[in-house]
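Peer 1: no FASTA, just this:
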């Protein structure tokens, strides 16, 4: 069975660390690990939706031009064509579960 | 911004409760809430992948004919064509985050 233990995959780096958990042509399922100050710049995908779940900490999201600080236990969707990004503006680490479908070509 | 608070969506019913969080043609993102003894029967999707994340409790998964008890903080993928199901055989509630891509037609 193809399983992963999230705690074993949680790892930080000198910039936002995208840790792949599962991948297929239909979806990407990643863990994003952000130290304080780290960010994913605002960008967009014309043909893919992305769901973020805040698994640890709180992060400042920007989706479709709106900004919101989302705490642990919150999820947000950036639909195809919507600009989106996330920044850890806190003083603690942030861990996000991120599902994207389909995998960008 | 299209956000959800998972704790507010957590709700149990007389059978497994599938709570939709986000939906598009590209993906379904749900919360599955299972009381002790509740289950999702083994089934398969020929054209969609499904990722389960155990957010609370521990559940017995069957994927591709294999069975494994997965604790909180574990994720598992059932790829297109793989039979899969889950049962709460514990004495505590189980909550799963479930991403499926694409949405079945």
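Peer 2: Structure's in. What do you need? Being a predicted model, the structure only gives us computed values, none of them experimental.
Peer 1: any idea how far the closest residue to chain B within chain A is from residue B:59?
Peer 2: Residue of chain A nearest chain B, by C-beta to the nearest C-beta: residue A:101 (3.5 Å). Placement of C-beta: from N, CA and C, glycine included. Plainly put, residue A:101 is 23 Å away from residue B:59 if you go by C-beta to C-beta, to the nearest Å.
Peer 1: go on, residue A:18?
Peer 2: With distances taken as C-beta to C-beta, residue A:18 is found 27 Å from residue B:59.
Peer 1: looking at the two, which is more packed in?
Peer 2: Higher neighbour count among residue A:18 and residue B:59: residue B:59, with 27 against 15, using other C-beta atoms under 10 Å in any protein chain shown.
Peer 1: after the host helix or strand of that one, next one along is what?
Peer 2: Element membership of residue B:59, judged by DSSP states H and E, is strand B:58-63. Following strand B:58-63 in sequence order, the next helix or strand is strand B:66-71 (DSSP H and E).
Peer 1: between strand B:58-63 and the next helix or strand after that next one, find me the angle.
Peer 2: Moving toward the C-terminus from strand B:66-71, the next helix or strand (DSSP H and E) is strand B:74-78. Strand B:74-78 and strand B:58-63 meet at an angle of 20 degrees, taking axes from the mean of the first three to the mean of the last three C-alpha atoms, to 10 degrees as the criterion.
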